[in-house]
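> structure, please.
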Amino acid sequence: DYKLSFSQKPGLWDCGQLIISETYKMSMGLFRAMRPLLHPLLHCPGRLMITLLLGITLLTACVPTANLLEADAEEMSGGILLWHAWPDSHMKVLDETIARFEEAYPDTWVKARGFSNEEEMLNAFTIAAESGLGPDALIATSENLHPLINADVIADVSAKLSADDWARYVPKTVETLRVGDRIYGIPESQNTMVLYYNRNLVDEPLATLDDLVFAAQQGEDVLINSGFTDAFWGVQAFGGALFDADGRVILDRGGFVNWLAWLVEARDLHGIILDADRDALRKRFVNDQAAYYVGDSDELGLITEKMGNNAVGVAPLPAGPLGPAGPFLEVNAFLISAVASERSQDLAVEFAKFATNAEQSAILMRELQHVPVNTQVRLNPRLDPIVGAVTQQTRSAVPMPTIGNMQTVIALTGDAYTRVLEGELNPCLL
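The predicted model follows:
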């Protein structure tokens, strides 16, 4: 039930070889550096010589691995295990990225294991990491970050990248991975809610909520997810926010209430379909049963697989009376295992930096339509209008805070959404 980008899963023999190889390389490197000092001792009696060599090996184990990598960057060596939940159609591009890294650093290797979905991967990772096993790194979404932090299975990488390294990433994507002074991941790409439209049914997207209502009244059906996280985008359009400057929840203010009131009115309009089932909404859209669909940008592959690239348009969400829509921002990131050795962590960070540099990010954008987080990537919206539209929407997107009570906030507000939309609660009474 797993996929490997190499011929076989690395087993105990591979891991044993890696341990022996790395210990040997570090020992010999230190031995060469100390050779002038050791020369007079090379003719010592055998027992003393064994003692000295054992001491060298033990001393090597105490040398900070980060310093070894910095001192010998051109001879970076070793290997890492990488887990991910990318679809089969993306494996070729990932394998090519790995191959380019290994070509740049010939003494390194990366073995990737793919899972059918992220939930399965994270469950396996947590169990393995709690036993001191598992991969050195994995690619996962920011929405699943907090449970991993709480389980103490992913590492803080804030000090493993320089200030110049961090500066190349879109600041908002880094903030999505930050908890206090710690950063739990290296951004790879970003997703958010967008407006999909069926080019076989309509020619243009919808710029405002008024346009959306008018289109529905003209028989152009609009599908909107009513779940809290997927429907949060309208709060900002009505001037609302999730937290104030002090981190307190302020969803009881006007923006949240006015957005809920708009949803209640929209629910009763012919042509606007509200549903919390994302899969059901997407199925209706790909079957040409609606002209517009408010969905996540990471659904693009599923949608184009059914409809074809030419039939699908993507645009920013409709603006409201008080500004642009503000959906939650989701970040795909390289997460580093907290139980991996420091040397493996450093090598995993180097691979993540390589995979997110301007050249590799541009390839992922062209081949997989990953929305880049590297600020040095040049994007031409005319050549890639879909990535351009998602990128435009991310500029007004809201980073979802990685805080312990976020799930409680979502549960409470989600309950309010449901009760209001089912007519059990008046939004003005919130």
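
> tell me, what residue is most central in this structure?
With distances taken as Cα atoms, centre = their mean, residue 332 lies nearest the centre of the chain, 1.0 Å away.

> so that residue sits against residue 192, correct?
No - taking contacts as Cβ atoms under 8 Å, residue 332 lies outside contact range of residue 192: 11.7 Å. Yep, even glycine has a C-beta here, placed from its N, CA and C like the rest.

> list the residues that contact both of these two?
By Cβ atoms under 8 Å, 6 or more residues apart in numbering, residue 332 and residue 192 have no common neighbours.

> helix, strand or coil for the residue nearest to the centre of the chain?
Put simply, residue 332 is strand when judged by DSSP: H, G, I helix; E, B strand; the rest coil.

> swap in the one 3 residues further on?
Look at residue 335: counting by three-state DSSP, its state is strand.

> from residue 163, how far out is it?
Going from residue 335 to residue 163 by Cβ to Cβ, to the nearest Å gives 21 Å.

> do the same with residue 229
32 Å.

> the two: which has the busier surroundings?
Using other Cβ atoms under 10 Å as the criterion, residue 229 and residue 163 rank with residue 229 on top: 18 against 6.

> what's the helix or strand hosting that one packed up against?
Taking DSSP states H and E as the definition, one finds residue 229 inside helix 228-231. Applying 3 or more Cβ pairs under 8 Å, 6 or more residues apart in numbering; DSSP states H and E, one finds that helix 228-231 contacts helix 406-421.

> CA atoms only: put the helix it packs on into CSV for me.
What follows is helix 406-421, C-alpha atoms only, in CSV (Å, rounded to 0.1, in the frame of the first residue of the first chain):
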residue,chain,number,x,y,z
MET,A,406,-7.7,26.6,17.0
GLN,A,407,-9.6,23.4,16.8
THR,A,408,-11.9,24.7,19.6
VAL,A,409,-12.4,27.9,17.7
ILE,A,410,-13.3,26.0,14.5
ALA,A,411,-15.7,23.7,16.4
LEU,A,412,-17.5,26.5,18.1
THR,A,413,-17.8,28.7,15.0
GLY,A,414,-18.6,25.7,12.8
ASP,A,415,-21.5,24.9,15.2
ALA,A,416,-22.7,28.5,14.9
TYR,A,417,-22.5,28.3,11.1
THR,A,418,-24.6,25.2,11.0
ARG,A,419,-27.2,26.4,13.5
VAL,A,420,-27.6,29.7,11.6
LEU,A,421,-27.9,28.1,8.2
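
> got the buried residues for that helix?
Across helix 406-421, burial judged by 16 or more other Cβ atoms under 10 Å covers 406, 409, 413, 414, 416, 417, 420, 421.

> now pLDDT too, for these, in TSV please.
Putting the buried residues of helix 406-421 into TSV (pLDDT from 0 to 100) gives the following:
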residue	pLDDT
406	68
409	71
413	71
414	70
416	72
417	73
420	78
421	76
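
> can you list those residues in CSV and add distance to residue 273?
Below are the buried residues of helix 406-421 laid out as CSV (distance: Cβ to Cβ, whole Å):
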residue, distance to residue 273
406, 28
409, 27
413, 22
414, 19
416, 21
417, 16
420, 17
421, 12
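
> now, among those residues, which is nearest to residue 326?
Proximity of the buried residues of helix 406-421 to residue 326 (Cβ to Cβ) peaks at residue 413, which lies at 14.7 Å.

> quickly note the distance from that closest one to residue 231.
Distance from residue 413 to residue 231, by Cβ to Cβ: 10 Å.

> you'd agree residue 313 is in a helix?
No - using three-state DSSP, the assignment for residue 313 is strand, not a helix.

> okay, now the unreliable bits of the stretch 1-150 of the chain?
For the stretch 1-150 of the chain, the stretches with pLDDT under 70 are 1-75.

> where do the helices sit along it?
12-38, 46-61, 65-71, 88-104, 118-130, 145-150 (DSSP state H, counting those that start in this stretch).

> thought residue 419 was touching residue 426?
No - at 9.7 Å, residue 419 does not count as touching residue 426 under the criterion of Cβ under 8 Å.

> who touches both of those two?
Taking Cβ under 8 Å, 6+ apart as the criterion, residue 419 and residue 426 do not both touch any residue.
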